[in-house]
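S.K.: Model the following, please.
(2 chains)
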Amino acid sequence: MDIGAIVEIARQTTYAMTPLVLAAIGEIVTEKAGVVNIGLEGIMLLSAFIAVYVAEVTGNPWLGLAAGTVLGAFIGVIHSMISNYLKGDQIISGLGVNLLALGLVPFGIEAVWHVRGYHTVPPEAKVPALPLLRISPVFLLTVLIAVATHYMLNNTGYGRKIRAVGENPEAADVVGVNVELVQTVATVYGAALAGLAGAFLSIDWLSSITKELSAGRGFIALALVNFANWNPLLALAGGALFGITWTAAEWLKIIPEIKAVVPISLLNTLPYIATLVVVAGFIGVSRPPAHIGRPYKRE
Amino acid sequence: MERQKLIESLYRFAEIMVALIAGFAISGVIMWLGGYDPIKAYRAMLGTSILTTDPYNLAMTLSFSAPIMFTAITFAVGVRAGVFNIGAEGQMYVGALGAVLVAAMSLPGPLYLPLAILFGSLLGALWGAIAGVLKAYKGVNEVVSTIMLNWIAFWVVEYTRVDLLPNPRDPSKTIEMPEPGRLPILLKGTELTASIVLAVVVTLLSYYLLWHTVLGYEIRATGMNPRAARYGGINPERAVLWSFIIGGIAAGLAGVCEIAGRPPHYAITTGLSNLFGYGFDGITVSLIGANHPLGIIPAAIFVGGLTAGARGMQIVAGVPLEMVKAVQGVIIIALAVPGLLRLLKTRLTRGGG
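M.R.: Okay, the predicted model is just below:
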């Protein structure tokens, strides 16, 4: 394999890893505050849809990215209301978001573009790649977000509050931290990043919108959170590892020797098998926040 | 004690009703925003599924209730063991694959159906057991593993459809279940077959298993408190694994019944389009049915009605079929809110006073 091919694989991996890393970093913050959001997949899908719609109507892809992020944040607010204030079931709420997206997105595609199931993003609504490097500006933003989030969690007062709420909400409450508010901020931040990830999928990387667009990436992001041991910088590195399996699957499909032996549909299973193997191998090494997934109720 | 229990059940029932109404109301607003007439849509949907005396429509509603009754058991048994098994979708795919593999063999006629049931439920159980072993013995989050397994199943089955067992007369689907292996049609001209009978029987069996056997007791004890269960001499890992295996069998049967008991195809179609979604619908059914086998039967008929009525809704009001899935999503989000009824009551009285 020549150097050009390696560079090309690396370039494509920056695309494949971006949605996984964005959603994982967001979820790390959410889970550090003790809240679980398994609706990442649904948020990605809904935001992917709204991003195409807004980018097409305005002719401005940046507004599309913003719309996806805002919709993600909005769903985060709903999930926060249910999880943090009403003390509802976080898993059920997340499941509901996923199923809602599975219905609403194909409904929306047909309602807006009058086609069934598949719409291609026109060039003017696409996020332009950076010149020379031919990588997405969203990838650079993702690296920045990873570093900033890591700093925020470990070196700022608010980061300390988030971690305290997820480890021991009673103690945080006693010293005057507004537990529900901190959890809500963390949940909305996480959902907003998942929304950005979805917008990136549709109007940047894949240039289309279908109901299968997110293809399980929201759940792979959940696996990545675990793999990264709730550390944003490790999520960035781990995201490259998870991302390369998607790139590898695409590359293997075009190598004639492989194509002759392994059918394309089976190569598509590669990222999912890799995720299963990785989570099965690494679990037990990592440690989740102590008060995760359970609503905090004052005695 | 009995009275207390009854009041609680009635309360839960009222809460589910409120969630259903919320689901319809919020989805109605979404339809209206999309430029459709929600009243017309709902009237058409319910009028061609549940609120009708037309035997064709009622039969179609029941026919769509069958697969999701099976997949609801998958989710419900998981919840009883304290896990969120959302892998019914993939387990159903491999169950259908098992039936198609049997359909491709040349066998004496009477052997097709029993072998398809055996093979499909075994594959479903195996697929569930992978997530079960990973959960029970490796601590892998079942929400992640089951979704990964769903996608793996999707592509493996799609591979089979395209490369291994394509239908020689129609390449868009697999080999069909031969005539002698098909479940009898209960009402001529409809898709209602004995699938629904099997689904009800298996649901009742799951009730018996959960509440009248030792294994069922162990599963429920583990779900309530794994530590206490272990203290009481139960092996919670084993109970969790069994919940995945039982769930896999149920979902596998859903797949088998779609191959052996769904006219006109009796096969898997392009992109698994005739199977897609039944696994996830089971989650809705289980939650509406309070994760109880006896609640699942009416809940499956309700959600089956949504699916059956979606066609009427599309024809009369022009609303895309998938809207009924969005309705389900809103219902589930509403069901996640605890004490929904109490909340509504305090808001209303506060608003009124």
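
S.K.: Show me which residues of the stretch 101-250 of chain A are close to chain B?
M.R.: Contact residues (CB under 8 Å from any CB of the partner chain) of the stretch 101-250 of chain A with chain B: A:101-108, A:110-111, A:116, A:211, A:215-216, A:219-220, A:222-223, A:226. All C-beta spots, glycine's among them, are computed from the backbone N, C-alpha and C.

S.K.: quick one: which of the residues you listed sit in helices?
M.R.: A:101-108, A:110-111, A:219-220, A:222-223, A:226 (DSSP state H).

S.K.: For PyMOL, write the select line for the buried members of the residues you listed.
M.R.: When burial is assessed using 16 or more other CB atoms under 10 Å in any protein chain shown, the buried subset of those is captured in PyMOL by this command:
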select buried, chain A and resi 101+102+103+104+105+106+107+108+110+111+219+220+222+223+226
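
S.K.: anything in the worst-scoring helix or strand of chain A on mean pLDDT sitting right up against chain B?
M.R.: Taking mean pLDDT, DSSP states H and E as the measure, helix A:256-261 is the helix or strand of chain A with the lowest mean score, a mean of 84. No. Using CB under 8 Å from any CB, helix A:256-261 stays clear of chain B, with a minimum separation of 12.2 Å.

S.K.: again, but for stretch A:88-99
M.R.: Yes. Stretch A:88-99 lies within reach of chain B by CB under 8 Å from any CB, at A:88-93, A:95-99.

S.K.: Closest approach to chain A from the stretch 151-300 of chain B, which residue is it?
M.R.: Nearest residue of the stretch 151-300 of chain B to chain A (CB to the nearest CB) works out as B:Y159 at 3.8 Å.

S.K.: Show the model's pLDDT score for that residue.
M.R.: B:Y159 is assigned a predicted lDDT (pLDDT) of 95.

S.K.: Look up the pLDDT of the nearest residue to it once chain neighbours are set aside for me, please.
M.R.: Leaving aside its sequence neighbours, B:Y159 sits nearest to A:S265 (CB to CB, 6 or more residues apart in numbering or on different chains; 3.8 Å). What the model reports for A:S265 is a pLDDT of 90.

S.K.: SS state for A:S265?
M.R.: Secondary structure assignment for A:S265 (DSSP: H, G, I helix; E, B strand; the rest coil): helix.

S.K.: Tell me how many other residues crowd it.
M.R.: Neighbours of A:S265 under the rule other CB atoms under 10 Å in any protein chain shown: 17.

S.K.: ok, now which ones touch it?
M.R.: B:155-156, B:158-159, B:162-163 (CB atoms under 8 Å, 6 or more residues apart in numbering or on different chains).

S.K.: Output the below-cut-off pLDDT ranges for the chain.
M.R.: All of this refers to chain A. Scanning chain A for pLDDT under 70 picks out A:1, A:283-285, A:299.

S.K.: hm, I was asking about chain B
M.R.: B:1, B:341-353.

S.K.: next helix or strand past the longest strand seen in it?
M.R.: If you go by DSSP state E, chain B has its longest strand at strand B:170-174. Downstream of strand B:170-174, the first helix or strand assigned by DSSP states H and E is helix B:195-212.
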